[in-house]
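Participant: would you be able to build a 3D model of this:
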Amino acid sequence: MDQDADKIASLQAGRSPIYEPGLEDLLTRNTAAGRLQFTTDVHEAVAWGEVIFLCVGTPRGPKEGPTSAP
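Facilitator: Numbers count the residues shown, from 1 in each chain. Take a look at the predicted model:
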């Protein structure tokens, strides 16, 4: 599940946003077999999934915001 409809469409087409050898083949085969689905609808994702992973972006630069050290 992701809010980015373009990312979901790409994943549904078997294209990964990251490079990992063999990953696109795994996406294609498991999507076709019905073992893997992608959606922008959080309710659909929670209702369909047996296991839910929450993933968040990792900051690439120095910490920012009120918890930053001076």
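Participant: secondary structure element for Leu27?
Facilitator: helix 23-32 (DSSP states H and E).
Participant: got the contact list for the following helix or strand past that helix?
Facilitator: On the C-terminal side of helix 23-32, the closest following helix or strand by DSSP H and E is helix 42-48. Residues external to helix 42-48 that are found in contact with it (CB atoms under 8 Å, 6 or more residues apart in numbering): Met1, Gln37, Thr39, Ile52. C-betas here are computed from N, CA, C, even on glycine.
Participant: contacting residues around the second one?
Facilitator: Pointing back at Gln37 there. Contacts of Gln37 (CB under 8 Å, 6+ apart): Thr31, Ala45, Trp48.
Participant: buried among these? Make that a ChimeraX selection.
Facilitator: This is the ChimeraX syntax for the buried subset of the contacts of Gln37, where burial follows 16 or more other CB atoms under 10 Å:
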select :31
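Participant: can I get the contacts of Gln37 in JSON lines with distance to Val56 and pLDDT?
Facilitator: What follows is the contacts of Gln37, written out as JSON lines (distance: CB to CB, whole Å; pLDDT from 0 to 100):
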{"residue": "Thr31", "distance to Val56": "24", "pLDDT": "91"}
{"residue": "Ala45", "distance to Val56": "16", "pLDDT": "89"}
{"residue": "Trp48", "distance to Val56": "21", "pLDDT": "86"}
